[in-house]
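Colleague: Got a sequence here, can you model it:
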Amino acid sequence: MTRASLDKQPHEVASMFDDVAANYDLTNDVLSLGQDRRWRREVARAVDARPAQKVLDLAAGTGTSSMPFTESGAYVVPCDFSLGMLRQGKKRHPWLPLTAGDAMRLPFRDDVFDAVTISFGLRNVQDTGAALREMLRVTKPGGRVVICEFSHPVWAPFRTVYEEYLMRALPPVARAVSSSPDAYVYLAESIQSWPEQAELARMLQRAGWSKVAWRNLTGGIVALHRGFKPVGR
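Modeller: Numbering: from 1, shown residues only. This is a model prediction of the structure:
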């Protein structure tokens, strides 16, 4: 079992996700108490994919997150750097154009996609700024980015309870439902070390995105950030 460290070496993170690929979706459903389904619905609303639009779904894993976009009539490209995840996705959704790719060096031309989205994957990228700039590069002028990521509860008492769950309750639950519980210890640590909501918004602005905004889901356990590529850029 590979246990990635918080310096997020790409080969370590990819190998870790290869190890958990088979039961990843089920484990997430259990650990989030079913909330991940609601969060993904909110992502789909924010992306607002339309027929004939092109959507890039980064850190798509097995392709589960891409299904709402295909159902809207958009052409979606699920992209992930874990080959284990992509293999599982191909078994479940053989018609999806699952693509291997690194968020810091995307294998796409400039100005291709109407929307780029990434859910619960940005914090696992080694260089967040480079990934945000790559997302901007492959997005059409006027297009949008939607980022769904674990964040930090805004109400202090709830934040304390949540952090206790992450570091004390999550590992034994992960041992019960996952064959690779150490991976979920890393994921809990990566959530704690992730920037606050306002800082991620500033990172988006520094990368060149405009009209950046965010809203909290489930009290700030998750934050949904959105931005637009300036026209003429």
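Colleague: quick one: the helices in the protein?
Modeller: 10-20, 24-31, 35-47, 67-71, 83-92, 128-138, 156-164, 170-177, 181-192, 197-207 (DSSP state H).
Colleague: Can you say which of the ones you listed is nearest to G61?
Modeller: G61 lies closest, by C-beta to C-beta, to one member of these: helix 83-92, at 4.4 Å. In short, each C-beta sits where N, CA and C put it, glycine included.
Colleague: Quick one: mean pLDDT for the closest one?
Modeller: The average pLDDT for helix 83-92 rounds to 92.
Colleague: and what of stretch 35-45?
Modeller: The pLDDT scores in stretch 35-45 average 90.
Colleague: Any idea which of the helices of the chain has the lowest pLDDT on average?
Modeller: helix 24-31 (a mean of 61).
Colleague: Can you list the helices and strands that the top strand by length along the chain packs against?
Modeller: If you go by DSSP state E, the chain has its longest strand at strand 139-150. Contact analysis of strand 139-150 by 3 or more C-beta pairs under 8 Å, 6 or more residues apart in numbering; DSSP states H and E lists helix 35-47, strand 113-119, helix 128-138, helix 197-207, strand 222-228 as its packing neighbours.
Colleague: what is the rounded mean pLDDT of it?
Modeller: Here the average pLDDT along strand 139-150 is 96.
Colleague: buried set for that strand?
Modeller: 139-140, 143-150 (16 or more other C-beta atoms under 10 Å).
Colleague: Ok, stretch 71-89 next?
Modeller: Those would be 72, 74, 76-82, 84-86, 88-89, for stretch 71-89 by 16+ other C-beta under 10 Å.
Colleague: ok, now stretch 152-164?
Modeller: Buried residues in stretch 152-164, counting neighbours by 16+ other C-beta under 10 Å, are found at 152-153, 162.
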